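Chemist: Quick check, what structure comes out for this input:
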Amino acid sequence: MNQSPGILRITLQDLPLLQKIGRETFYESFASVNTPENMQHYLDQSFSEAALAEELSHPDMAYYFALMDGEPVGYLKLNFGAAQTDIQDDASVEIQRIYVRQAYQGQKVGQFLFEHALAIARQRGAEYIWLGVWDGNPNAIRFYERNGFVTFGQHEFMLGDDRQRDWLMRLDL
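Modeler: Next up is the predicted model:
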């Protein structure tokens, strides 16, 4: 990467761009290993205007764009307190999503977003940061292991009608 990315907190006015990038990056990441019907169902549910507006308005959820030359190239979603998906612990922060546009993968954008998540967790005084990662995504699992995460459990994730397994991973701060 020739330059360092910038960061931008995503607000309701950014909803159309978040929706576009969220759908694009999820599709790029998982369309080849899931049915078109299950992908469409997930995209329609998780990236609907209503779902994103609710999340962007939630005080315990935060979205951030990574920017290169002023253009969003990836995003991060964090959950705090009761907004966390599995563990509602005020001493933790959940990374729910880190996604990078395909053209920018391998350029340390994901690492940049991860480090931003760590900085926020530390600012909040969190004792640990955690996430769920699909067991069929070895690149993401290796990324988190390289960054010091360890597996502590698992949970079920439904993609349409396909029951999948996520590893729960955490990093003590």
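Chemist: State the distance from residue 38 to residue 27.
Modeler: Applying CB to CB, to the nearest Å, the value for residue 38 to residue 27 is 12 Å. All C-beta spots, glycine's among them, are computed from the backbone N, C-alpha and C.
Chemist: Residue 96 reaches residue 77, doesn't it?
Modeler: Yes - using CB atoms under 8 Å, residue 96 is in contact with residue 77, at 4.5 Å.
Chemist: Find residues that contact each of those two.
Modeler: Overlap of the contact sets of residue 96 and residue 77 (by CB atoms under 8 Å, 6 or more residues apart in numbering) is empty.
Chemist: more neighbours, those two?
Modeler: Just comparing residue 96 and residue 77: by other CB atoms under 10 Å the higher neighbour count belongs to residue 77, 21 against 16.
Chemist: isn't there a helix covering the more buried one?
Modeler: No - the assignment for residue 77, made by DSSP: H, G, I helix; E, B strand; the rest coil, is strand rather than a helix.
Chemist: Could you pull up the residues touching it?
Modeler: Taking CB under 8 Å, 6+ apart, one finds 55, 61, 62, 63, 95, 96, 97, 98 in contact with residue 77.
Chemist: List the beta-bridge partners for it.
Modeler: residue 63, residue 97 (DSSP bridges).
Chemist: Which pLDDT does the model give it?
Modeler: The model reports residue 77 with a pLDDT of 98.
Chemist: This protein: strands as residue ranges?
Modeler: 6-9, 61-68, 71-80, 92-100, 128-134, 150-159, 162-172 (DSSP state E).
Chemist: could those strands go into a markdown table alongside distance to residue 15?
Modeler: Output for the strands of the chain, formatted as a markdown table (distance: least, CB to CB, whole Å):
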| stretch | distance to residue 15 |
| --- | --- |
| strand 6-9 | 13 |
| strand 61-68 | 10 |
| strand 71-80 | 12 |
| strand 92-100 | 15 |
| strand 128-134 | 24 |
| strand 150-159 | 23 |
| strand 162-172 | 26 |
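Chemist: Let me know the closest of the contacts of residue 77 to residue 73.
Modeler: residue 98 (12.1 Å; CB to CB).
Chemist: so the closest one touches residue 66, yeah?
Modeler: No - with contact defined as CB under 8 Å, residue 98 does not count as touching residue 66 (9.2 Å).
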